Structures are given as structure tokens and as C-alpha cells.
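**Q** make a model of this:
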Amino acid sequence: MTRTISGYDENFKPLKIKVIHEKSLTIFLNNQEIVTLMTIGDHPKYLAIGYLLNQNMLKKNDIITKIDYDNELNVVVIRTKRKTNYEKNLQKKITYNDKINLC
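**A** As a prediction, this is how the structure comes out:
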């Protein structure tokens, strides 16, 4: 969970310190990618369920039919009986204004 890195302190003296080693985890709900977040990699299935519950995307009465975790791809897929579609909620809106007047 940690790795050692080399650096310098405020007086430019070399030092080695341990830091938390994080990795990305992508969470899917049914067939839809929900989020990629950083984690220490401990209990990815529970993290995914907790995240989806916290975001109100997974309801307490939902029936989870399958949970898959791929350690090499760092992906968790949660499948439920209830069909879900959060695509509209997750779309990023980008506005572009090419007419900027700074005067």
C-alpha cells in the first residue's frame, strides 16, 4: 500500500519517505461507466457498492445479480435486476463562446 520515494526537505537535504500508492478504479453500473476514481485498492467491490449507494445510483432495495472485478484492468462491474440509465445525468456540458469582449 505504500512505496518509498526520494526527495528533499526544506533545507535541500535528501530524504526518503513512504507515501500511499494509489491506483485508478473504474466503476460500471450494468453496462454504463459511472466514474474512475483513485483508491488504495483495498476491497474494490465494497468501495464500488458504497460509492453507488452514496450517489443514489444504487437503491437499498436493488437486487445485485453479479459483481465482477478485473484486477488487471482495475474495473468493477455491478449488475442489478433493475435497469439503469444515468447517461443524461453524467454527460458533461461544455459551453463555448467564441465572441469574448474584454473592453
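**Q** any idea how far the closest residue to residue 64 other than its chain neighbours is from residue 65?
**A** Spatial nearest neighbour of residue 64, excluding adjacent residues (Cβ to Cβ, 6 or more residues apart in numbering): residue 80 at 5.7 Å. Heads up, the C-betas are built off the backbone N, CA and C, glycines and all. From residue 80 across to residue 65, the span is 6 Å (Cβ to Cβ, to the nearest Å).
**Q** same deal with residue 16?
**A** Note on residue 16: its distance to residue 65, by Cβ to Cβ, is 47 Å.
**Q** with just CA atoms, put the biggest helix by length in the chain into PDB.
**A** Counting residues, the longest helix in the chain under DSSP state H turns out to be helix 44-54. What follows is helix 44-54, C-alpha atoms only, in PDB (Å, rounded to 0.1, in the frame of the first residue of the first chain):
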ATOM      1  CA  PRO A  44     -12.800  -2.600  -4.600                       C
ATOM      2  CA  LYS A  45     -16.200  -4.400  -4.700                       C
ATOM      3  CA  TYR A  46     -17.300  -2.900  -1.400                       C
ATOM      4  CA  LEU A  47     -15.900   0.500  -2.500                       C
ATOM      5  CA  ALA A  48     -18.000   0.300  -5.700                       C
ATOM      6  CA  ILE A  49     -21.200  -0.600  -3.900                       C
ATOM      7  CA  GLY A  50     -20.700   2.100  -1.300                       C
ATOM      8  CA  TYR A  51     -20.000   4.700  -4.000                       C
ATOM      9  CA  LEU A  52     -23.100   3.800  -6.000                       C
ATOM     10  CA  LEU A  53     -25.200   3.800  -2.800                       C
ATOM     11  CA  ASN A  54     -23.800   7.200  -1.800                       C
END
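**Q** what's in contact with whichever helix or strand comes after that helix?
**A** Going down the chain from helix 44-54, the next helix or strand is strand 64-70, by DSSP states H and E. For strand 64-70, the external contacting residues (Cβ atoms under 8 Å, 6 or more residues apart in numbering) are 44, 45, 48, 49, 58, 75, 76, 77, 78, 79, 80, 81.
**Q** ok, stretch 35-52 next?
**A** By Cβ under 8 Å, 6+ apart, the list of residues contacting stretch 35-52 from outside reads 1, 20-27, 29, 34, 58, 64, 67, 69, 74, 76, 78.
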